[in-house]
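Trainee: A structural model of the following input is requested.
(one chain, ligands or ions: 2)
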Amino acid sequence: MKKILLLMILAVVFILGACKGGGHNTLDEKEEAVPTSSKSPINIPLINRKGEKTGEAELVETDKGVAIRVMAQGLEPGKKAIHIHETGKCVPPDFKSAGAHFNPFNKEHGFHNPKGYHAGDLVNIEVPVNGKVDVVLKSADVTLKTGQPNSILDGDGSALVIHEKADDYKTDPAGNAGNRIICGEIVREGN
Ligand SMILES: [Cu+2]
Ligand SMILES: [Zn+2]
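Mentor: Ligands and ions are numbered 1, 2, ... in the order given. Next comes the predicted model:
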């Protein structure tokens, strides 16, 4: 009789243990089910102030943030500011629809600003005399992974914007870079 009681107690303990284990596994699966990285590149058209396609950009998640290849033509030669803006909407001619610089951490503008910089700030690009650019920019401050505060694919997406002038890296809120001349909506296809 005592033996049977002991066996029953052992069985109850075993079942309780199994339930706990089961619960833990479910939690793990939930965590894994949250979308993380998407290594597939995103290709986006770039449009000018007339609404004409003038190039494209390719964004890909890397171990050190996002790599952005910018290919465009028909630009005035010289240094140009390029930023990631907060809204994935490019309405020509002024592209104000793209909003301000992508700024999830409430910083001021510019790499040389002591209160800076925006996550969407990027280094200037240099346009040669033929007006064509093909450059790769890297940003460790943004991600294409969804569900993160610095995700440029959250909600309404974001926009890649080229300006007519260089970014001075210090003037808040936009680096004194002048008009927006090229814009590309950073959104997942189907969004
Ligand atoms: Cu900008
Ligand atoms: Zn900025």
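
Trainee: interface residues of the protein facing ligand 2?
Mentor: Remark: the part of the chain in contact with ligand 2 comprises H101, H109, H118, D121, using CB under 5 Å from the ion. Any C-beta I mention is one placed from the backbone N, CA and C, and that applies to glycine too.

Trainee: out of those residues, which one sits closest to I186?
Mentor: Proximity of the residues of the chain next to ligand 2 to I186 (CB to CB) peaks at H101, which lies at 13.4 Å.

Trainee: the nearest residue in space to G51 that is not next to it in sequence: neighbour count?
Mentor: Here the nearest residue to G51 in space, its sequence neighbours aside, is P92; by CB to CB, 6 or more residues apart in numbering that works out to 4.3 Å. For P92, the tally of surrounding residues (other CB atoms under 10 Å) stands at 16.

Trainee: change the start of the numbering to 21 and stick with it
Mentor: Got it, first residue is 21 now, which makes that one P112.

Trainee: ok so, going back, would you list the residues of the chain next to ligand 2 in CSV and tack on distance to G71, secondary structure and pLDDT?
Mentor: Formatted as CSV, the entries for the residues of the chain next to ligand 2 read as follows, by distance: CB to CB, whole Å; DSSP: H, G, I helix; E, B strand; the rest coil; pLDDT from 0 to 100:
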residue, distance to G71, secondary structure, pLDDT
H121, 23, strand, 98
H129, 27, coil, 98
H138, 27, coil, 98
D141, 26, strand, 98
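
Trainee: all strands for this protein, in order.
Mentor: In chain order, the chain shows strands spanning 62-68, 73-82, 85-92, 98-100, 102-105, 145-147, 153-159, 178-183, 200-206, with DSSP state E as the criterion.

Trainee: dump these to JSON lines, plus mean neighbour count.
Mentor: Below are the strands of the chain laid out as JSON lines (neighbours: other CB atoms under 10 Å):
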{"stretch": "strand 62-68", "mean neighbour count": "19"}
{"stretch": "strand 73-82", "mean neighbour count": "18"}
{"stretch": "strand 85-92", "mean neighbour count": "20"}
{"stretch": "strand 98-100", "mean neighbour count": "17"}
{"stretch": "strand 102-105", "mean neighbour count": "26"}
{"stretch": "strand 145-147", "mean neighbour count": "17"}
{"stretch": "strand 153-159", "mean neighbour count": "15"}
{"stretch": "strand 178-183", "mean neighbour count": "26"}
{"stretch": "strand 200-206", "mean neighbour count": "25"}
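
Trainee: domains in the chain, by residue range?
Mentor: What automatic domain parsing lists as the domains of the chain is 21-53, 62-206.
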